[in-house]
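S.K.: Fold the following, please.
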Amino acid sequence: MADGVLFVHNNFPAQFADLVQTLVDRGVRCWAIGQHHAPGAPGVRIARYGLERGTTPGMLPAAVRAEADLIRASGAFRGAKVLRDEGCDPEVIVAHPGWGETLHLREVFPNAKQVLFAEFFYHGRGFDVGFDPEFGATSDETVNLVDAKSMGMALAYSLGDAIVTPTRFQASTLPPVFRDQARIIHEGVDVDAIRPGPAEPFELPDGRVIRPGTPVITHVNNKMEPLRGLHIFGRALPRLMAEVPDAQVIVIGQEKDRGYGAAPPDGLTWKDWVFRDLAIDPARIHFLGKVPHARMLDALRLSTAHVYYTYPFVLSWSVAEAMALGCYVIGSDTAPMHDAIEDGVNGRLLPFFDVEALSRALIDACRDPAASAPLRAAARATAVERFSRARGRAAWLEVLAEQGLRIPQPAQA
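M.R.: Prediction:
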């Protein structure tokens, strides 16, 4: 008899980590399909697949992504058959369809309901592509290539039974035919553990220590790229550092990853390209690279103002965590941020390309840190209301129950 959940994500568990652990803890049988590099999760049998072949040389450029999705779909299909032969018969399949992996799964599990995660539906215009004129006009070829990236997802959603998406903005990227099906459920952050608290002295890699009370600007940019406003942030710093001579800047993110957007010019990293000619005291800006999660939280607790800018793209977990800590968030007035920040209520929203506006806001924050106290408290309240992991978990379990999954109540302590 059908029972349990099959998770499908090329990097499993990814966004499903908390949901997987919750189901396993409640005794629900779970399986997974992921690509060969997927980390896996305790208590979950994972079928990892490799790619049988690469894409066809010389084919129509707009068709390359569709072929790549079908190659991954074939790998996931093989993994699904292995699990089926071992006795896997899921009631529900929970999957991220962004890499094509779900496209053949009904052939293996025809009766399983499919709950599909809608992270971002690509568009050739109006979202992340073509937003920033600094990096060139969008050509017809680029538009066609980007539009083609979502072909596999469109087919997957048409075959699914339910769609879950984290925010209203992310729901808005879906084609109209799918929007009414989408349940908005943010997977959440641990607002019980990530909460306001006293800042502690923060030791830098060179042994220097930033003391609480120092004006500190923080910026988390996982891929160190313009899509998250690295260039705007960098250009706002010279005036800040000139007018607030004791200000320190902490930047967290991976310098050598291209990121989600375009590749940097001249063979540089985006960090080197952005900061190459800026008049900034290198002793006061600290690029920490990728750091353990706890160290990132320690840096944010020290923050006088936290800068989070983004093109119209997926909202990062880091901004939800900054809000949960009660940070003063200065963000870009772009659509994804409207799901998190209301200007002047729980943070600030500034025009994305207005470097001077960001400089002034940072200077004001450093000169009068007490003024942001009401916004910090409101940011924390918003995080608890909208980005609580416990709320997201409960809503996900409700969706799975609606699809027929039997979920035992948690064991009593």
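S.K.: domain assignment for this protein?
M.R.: 5-188+389-402, 202-386 (automatic domain parsing).
S.K.: which sections of the protein are below the confidence cut-off?
M.R.: 1, 257-258, 412-413 (pLDDT under 70).
S.K.: quick one, helices of the stretch 201-350 of the chain?
M.R.: Counting by DSSP state H, counting those that start in this stretch, the stretch 201-350 of the chain has these helices, from start to end: 230-243, 270-275, 293-301, 317-324.
S.K.: is it possible to export those helices to a markdown table including distance to residue 345 and mean neighbour count?
M.R.: C-betas here are computed from N, CA, C, even on glycine. Formatted as a markdown table, the helices of the stretch 201-350 of the chain follow (distance: least, Cβ to Cβ, whole Å; neighbours: other Cβ atoms under 10 Å):
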| stretch | distance to residue 345 | mean neighbour count |
| --- | --- | --- |
| helix 230-243 | 22 | 21 |
| helix 270-275 | 30 | 20 |
| helix 293-301 | 20 | 17 |
| helix 317-324 | 12 | 26 |
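S.K.: where's residue 48, which helix or strand?
M.R.: strand 45-49 (DSSP states H and E).
S.K.: Who are the packing partners of the next helix or strand after that strand?
M.R.: The helix or strand immediately downstream of strand 45-49 is helix 61-85, counting by DSSP H and E. Judged by 3 or more Cβ pairs under 8 Å, 6 or more residues apart in numbering; DSSP states H and E, the packing partners of helix 61-85 are strand 5-8, strand 30-35, strand 45-49, helix 105-108, helix 140-148, helix 151-159.
S.K.: mind redoing it with 6 Å?
M.R.: Counting contacts by 3 or more Cβ pairs under 6 Å, 6 or more residues apart in numbering; DSSP states H and E, helix 61-85 packs against strand 30-35, strand 45-49, helix 105-108, helix 140-148.
S.K.: In that helix, which residues are buried?
M.R.: Buried residues in helix 61-85, counted by 16 or more other Cβ atoms under 10 Å: 62, 64-81, 83-84.
S.K.: Against residue 224, how distant is the residue most central in space within the chain?
M.R.: Closest residue to the average C-alpha location of the chain: residue 316 at 3.9 Å, with Cα atoms, centre = their mean. Shown here: residue 316 relative to residue 224, a distance of 13 Å by Cβ to Cβ, to the nearest Å.
S.K.: likewise residue 374?
M.R.: Distance, residue 374 to residue 224, by Cβ to Cβ: 32 Å.
S.K.: Settle it for me: which of those two has more neighbours?
M.R.: Set residue 374 next to residue 224 and count neighbours by other Cβ atoms under 10 Å: residue 224 wins out with 26 against 13.
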